[in-house]
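Undergrad: Structural data only, the sequence is not supplied:
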């Protein structure tokens, strides 16, 4: 019997090695000989109990980081997808609403002209019941006209063209261009402030806020107070009204597309306000009790 060690050099054994060793022998008879096979060495890391103690926590932390990163990517992609869908829907809605509003405006103008001609007739002036009916028609036409204006203002917001403005003059022009009910009083700022902005677009924003306050107050006796102040870089404008607030909506929802508490509202007016103010690198927010719109806008 001849014993031969074919795979192992015992001279290379490090007796001082602190690593965990393994050794395995096997005898095979072949060709009238007995072959001894011996395997020895260090255990792989995963089979070494000493290594497993610290390997498992590290692997756990690593997997947690990988899963957390994957979750962040998933949430980010979901947000981007949601924003893309929202933009596409908004764009399609704006195009459709724009065509629809333009088609309505001409018939509305013709009806208003016809009403004005009828009201100048002597027979019309002498018939009180007819006057009441025509007043109802006129009121509803005005309501439709405001809704058309909301839609058109929403879709025709262009890049701003700034010029130096007087805040009090801008507010005065807005008040003069809308119908203020006799039951509502408006207090404007006493001190005039100057800044740079787009007069056309800011008038749209201010008129939408004023119209919203007027509709909120309704037939009750009410008041709208406009205040202003400034610091070295910004202008602050507040529109406070005595209305009941936004019943059924959270403050951050009133600037979302098609969100409204009014039965006849479009849900576009305050969205336009937000877009215009943000195009001026400013911000708009609202607080309750009493309802107050707060605008912050750069002076230049």
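TA: Yep, that arrived. Just so it is clear, the model here is predicted, and its values are computed rather than measured.

Undergrad: Just read off the phi/psi values of residue 224.
TA: Backbone geometry at residue 224, expressed as degrees, to the nearest 10, gives phi -120, psi 120.

Undergrad: Over to the one 5 residues further on?
TA: Residue 229 has phi and psi values of phi -160, psi 170 when expressed as degrees, to the nearest 10.

Undergrad: which secondary structure elements does the helix or strand where residue 215 lies contact?
TA: Using DSSP states H and E, the element containing residue 215 is helix 199-217. Applying 3 or more C-beta pairs under 8 Å, 6 or more residues apart in numbering; DSSP states H and E, we find helix 199-217 packed against helix 128-155, strand 163-166, helix 167-177, strand 184-187, strand 222-230, strand 234-241, helix 269-279. All C-beta atoms are positioned from the backbone trio N, CA, C, and that covers glycine.

Undergrad: care to break the protein down by domain?
TA: Using automatic domain parsing, the domain parsing of the chain gives 10-43, 50-155, 163-298.

Undergrad: mean pLDDT lowest for which of those domains?
TA: With a mean of 57, domain 10-43 has the lowest mean pLDDT of these.

Undergrad: Report how many residues lie close to the residue lying closest to residue 187 once chain neighbours are set aside.
TA: Spatial nearest neighbour of residue 187, excluding adjacent residues (C-beta to C-beta, 6 or more residues apart in numbering): residue 225 at 4.7 Å. Residue 225 has 17 neighbouring residues, counting by other C-beta atoms under 10 Å.

Undergrad: And the one 5 residues further on, by the same measure?
TA: Each residue near residue 230 was counted by other C-beta under 10 Å, and the total is 15.

Undergrad: Enumerate every residue touching it.
TA: Residues counted as contacts of residue 230 (C-beta atoms under 8 Å, 6 or more residues apart in numbering) are 193, 236, 299.

Undergrad: Can you give me the neighbour number for residue 77?
TA: Counted with other C-beta under 10 Å, the neighbours of residue 77 add up to 10.

Undergrad: swap that for residue 169, sorry
TA: Counted with other C-beta under 10 Å, residues neighbouring residue 169 total 12.

Undergrad: same thing with residue 115?
TA: 16.

Undergrad: mind checking how far it is from residue 134?
TA: Noted for residue 115: a distance of 6 Å to residue 134, by C-beta to C-beta, to the nearest Å.

Undergrad: ok, back up a step: quickly note the distance from the residue nearest to residue 187 to residue 135.
TA: As judged by C-beta to C-beta, residue 225 and residue 135 stand 30 Å apart.

Undergrad: Would you quantify the distance from the closest residue to residue 285 other than its chain neighbours to residue 161?
TA: Spatial nearest neighbour of residue 285, chain neighbours left out: residue 294 (5.1 Å); criterion: C-beta to C-beta, 6+ apart. From residue 294 across to residue 161, the span is 25 Å (C-beta to C-beta).

Undergrad: Same drill for these two, tell me which one is more crowded.
TA: Neighbours per residue (other C-beta under 10 Å) separate residue 294 from residue 161, with residue 294 holding more: 15 against 10.
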